[in-house]
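> any chance you can model this:
(chains A and B)
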Protein chains: 2
Amino acid sequence: MAEIIEPRVLKGFRDYLPQDETARRALMEVLERVFRSFGFVPIDTPALEYAEVLLGKGGGETDKQVYRFKDNGDRDVALRFDLTVPFARFMAEHVDELYLPFRRYHMAKVWRGENTQRGRYREFMQCDFDIVGSDSASADTDIILLISDAISALDVGGFTLRINHRGVFNRFLDSLGLRDKSVPILRLVDKAEKVGSDELRRLLSAELGDASAGKLLGYIAKESGFEATLEKIEGLAGGPAADTQRLRDIWRNASAAGMPGSLVLDPSITRGLDYYTGVVFETNLDAMPEIGSVCSGGRYDELASLYTTKRLPGVGSSIGLDRLLAALDALGTVKRRSGYTQVLILDVEESLAPSYHKIARALRAAGIAAEVYPEKKKLSQQFAYAERKAIPLAVILGAEEAERGQAQLRDLASRESATAAFASGDAAELVARAAEILARRGA
Amino acid sequence: MAEIIEPRVLKGFRDYLPQDETARRALMEVLERVFRSFGFVPIDTPALEYAEVLLGKGGGETDKQVYRFKDNGDRDVALRFDLTVPFARFMAEHVDELYLPFRRYHMAKVWRGENTQRGRYREFMQCDFDIVGSDSASADTDIILLISDAISALDVGGFTLRINHRGVFNRFLDSLGLRDKSVPILRLVDKAEKVGSDELRRLLSAELGDASAGKLLGYIAKESGFEATLEKIEGLAGGPAADTQRLRDIWRNASAAGMPGSLVLDPSITRGLDYYTGVVFETNLDAMPEIGSVCSGGRYDELASLYTTKRLPGVGSSIGLDRLLAALDALGTVKRRSGYTQVLILDVEESLAPSYHKIARALRAAGIAAEVYPEKKKLSQQFAYAERKAIPLAVILGAEEAERGQAQLRDLASRESATAAFASGDAAELVARAAEILARRGA
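This is a model prediction of the structure:
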């Protein structure tokens, strides 16, 4: 016999056992339903692309995090590290085959050689959705309403979606003559939540002096409500303009669509430095603010300027599936399950296997997931299997039962049994009884 | 402005535009529903693994088809080229955390540097399902019944699942004293369908002489039905044994479960040479036999002997998703769609955007997929968008309609219009009318 190879996965990679994979799928199915209800369509792109396409022309000094290599045809290729860059390439390549505004979602794996010491994975599922080809408050609103519907559908309690607009902040910095310092300022403001307000004041003072620091802190403070905050920053930024009108329109749209008090204008939200050009937003779960934003995004002027001269403005967002899954887990609302089987037909008597398969088929035809235990093991072993798989109901049909034309139905939680006629030609009564018991148990 | 990078994908790779991706997803959703109804659970494994794990210790003379490289940590890694090897590694690694018999399905991408001149892709979706940990006719039957249900659910007309057993064939070769020639014989018989019976006779005669060739051809010929063929090969192989009993049991089980005449015993089925040890099978669509088997598989003694000394017998199958999708396409039964939106709310008057989002929300709450056109373009342009996306119904609400408290509902196929009250506080009537029209249209 050949030497055994140790079965192991790479550091930072993981298998999904049924309990994890069913939970991940349940989450993705909910999201997919919401995406579709908002008119979003799915796309897919290759996992592997030209390194030049993913990393740009200057991709020589490659990020250590990128899985990049030469393929067998000596092409310089890389595994995608996000879904944004491939989407930009996709839009530039296919814009004439599509229609604008284009609403797409994409849930797929990406790979990054992250430092695994911080508990990060090197392979993970990303979930992006965007509306490309429209620069309007209505499109911005749709992304926000979608996030609201998605989180509501996940049954994780309240949430807060904090929004801001880059343009208003830039106007405010202009008015203070601080526009040239916007990069370090944004960087500091971005830390506001982490460092606390006293430390932020100290850092800002060191950078800008006490007076400007005070004004900045006044600007980023939230007022009693969306509209009050909006009026304040509008005033501080020099009065009404397209940017504040945009925020006002989004607020009106979202309010009309009943977004229930969860939309907050927060002038301290910045979302990185370069990419976004309009609104930006983050979403926190009220029950778990400490895990950070589970859904962030914003508006950009140019999705695909690396690949096309066509202007493709858009608004989009990304859901952190792993983070959300961890939250669902901690809140106990995750649909982690060992299986989907509702009825296990035990193997009591091998010669009765044809009857077992017939019963299983009749159950499935009635929409009940059913499996036949495939060999005659001890009943205790078959029950243990049912328990491991959390199967609620068993059908027991031995020689004796078969002779009487009666099968036993056993509720595996309550251990109660019922009998149902099982004539050789017909399993209708058995199916009806099984459906009844399952409905009663809510299984 | 920086130089534009040409947006393109690698040879043998492809993007999935909405029309293709919706079709692929529709297919996968049907399969997933059937898998779950048979008690199968989903798993996932990493796309990237140690090359040693995927290719074995002697993986030095690597197949050109494998994407293999050194990662940033200088590990010898490779992209998976099928789902069987990772599953074997998975079972060896996790068998103690799972339960046996273990029924799993796995739909995921694999990568092979195929010759693209033959129209092959280098990235494609694989779909595998297995029952591991049981060597029984009941488990064999379940795989076959699952295939039957899956193909029936896809609405592609009749199909033929041809099954055979390696053991019976080997006994027959023994009886002729030809066991040492089993490899070339299996190879020739495997070609039977391609070369035709005359050419097969010529080839077999050249290899074995006329007498043995004649006996072989007699053996692999189908009789009038499953049982008649079984009796014939049982006789030729030296009488009843476990292998023929297995075929008989499968036939009984499948017949009891009403598999309608589509299960055929075909002694010419061989399915390659090494891996399978018991039953083997192939599935052809009656409407498109020329595309070959859309679902093949068989029984194996040892799933994971490379990674563990534990014996893990099983039975499984693989669905060729791309092939099946091509067949569905050719038969016109594929659910290729431009989107899921049922109602488009036109943007007629920008100031009414809050009302548009309110209507959309009310429709979604009633289970109707609705989107708001995000900016005030010409109506002809908005209608063209609806047509591109195959949206059946539009809501038109301009200033005039809003004043009268009436929105217009337009059926975009028949161009008929209806009006529905839209009071500022309530979109119930509009939702009800929309639901009615959609139900009538079956959309």
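
> buried stuff in the helix or strand containing residue A:199?
Here residue A:199 is covered by helix A:197-208, with elements defined by DSSP states H and E. Along helix A:197-208, these residues count as buried under the neighbour rule (16 or more other C-beta atoms under 10 Å in any protein chain shown): A:200, A:201, A:203, A:204, A:205, A:207, A:208. Using the backbone N, CA and C atoms, a C-beta is placed for each residue, glycine as well.

> now the phi/psi pair for the closest residue to chain B within the stretch 151-300 of chain A, please.
Nearest residue of the stretch 151-300 of chain A to chain B (C-beta to the nearest C-beta) works out as residue A:256 at 3.3 Å. When read as degrees, to the nearest 10, the backbone of residue A:256 gives phi -60, psi -30.

> nearest spatial neighbour of it, skipping sequence neighbours?
residue B:354 (3.3 Å; C-beta to C-beta, 6 or more residues apart in numbering or on different chains).

> list the contacts of that neighbour.
A:252, A:253, A:255, A:256, A:257 (C-beta atoms under 8 Å, 6 or more residues apart in numbering or on different chains).

> mean confidence score for stretch A:18-27?
Stretch A:18-27 shows a mean pLDDT of 94.

> cool, stretch A:32-50 as well?
98.

> return the set of buried residues in it.
For stretch A:32-50, by 16+ other C-beta under 10 Å, it's A:32, A:34-50.

> pull the residues that contact the helix holding residue A:199.
So helix A:197-208 is contacted by A:178, A:181, A:184-185, A:188-189, A:191-192, A:195, A:212-214, A:216-217 (C-beta under 8 Å, 6+ apart).

> helices or strands up against the helix or strand following it?
Using DSSP H and E, the helix or strand that follows helix A:197-208 in sequence is helix A:210-220. Counting by 3 or more C-beta pairs under 8 Å, 6 or more residues apart in numbering or on different chains; DSSP states H and E, the packing neighbours recorded for helix A:210-220 are helix A:182-190, helix A:197-208, helix A:226-236.

> buried residues in helix A:210-220?
For helix A:210-220, the neighbour count (16+ other C-beta under 10 Å) marks A:212, A:213, A:215, A:216, A:217, A:219, A:220 as buried.

> now stretch A:313-323
For stretch A:313-323, a neighbour-count test (16+ other C-beta under 10 Å) marks A:313, A:314, A:315, A:316, A:317, A:318, A:319, A:320, A:321, A:323 as buried.

> contacting residues for residue A:250?
Here residue A:250 is in contact with A:137, A:140, A:141, A:144, A:163, A:279 (C-beta under 8 Å, 6+ apart).

> pLDDT at the last one, what is it?
So that's residue A:279. Residue A:279 carries a pLDDT value of 96.

> thought it was touching residue A:161?
No. Counting by C-beta atoms under 8 Å, residue A:279 sits too far from residue A:161 to count as a contact (11.0 Å).

> for those two, indicate the residue with more neighbours.
Taking neighbours as other C-beta atoms under 10 Å in any protein chain shown, residue A:279 and residue A:161 compare with residue A:279 leading, 26 against 22.

> measure that one to residue A:269 for me?
9 Å (C-beta to C-beta, to the nearest Å).

> what touches both of these two?
A:163, A:164.

> for the residue nearest to residue A:268 when sequence neighbours are not counted, which residues are in contact?
In space, and not counting its chain neighbours, residue A:268 is closest to residue A:220: 4.1 Å by C-beta to C-beta, 6+ apart. Residues in contact with residue A:220 (C-beta under 8 Å, 6+ apart) are A:189, A:192, A:267, A:268.
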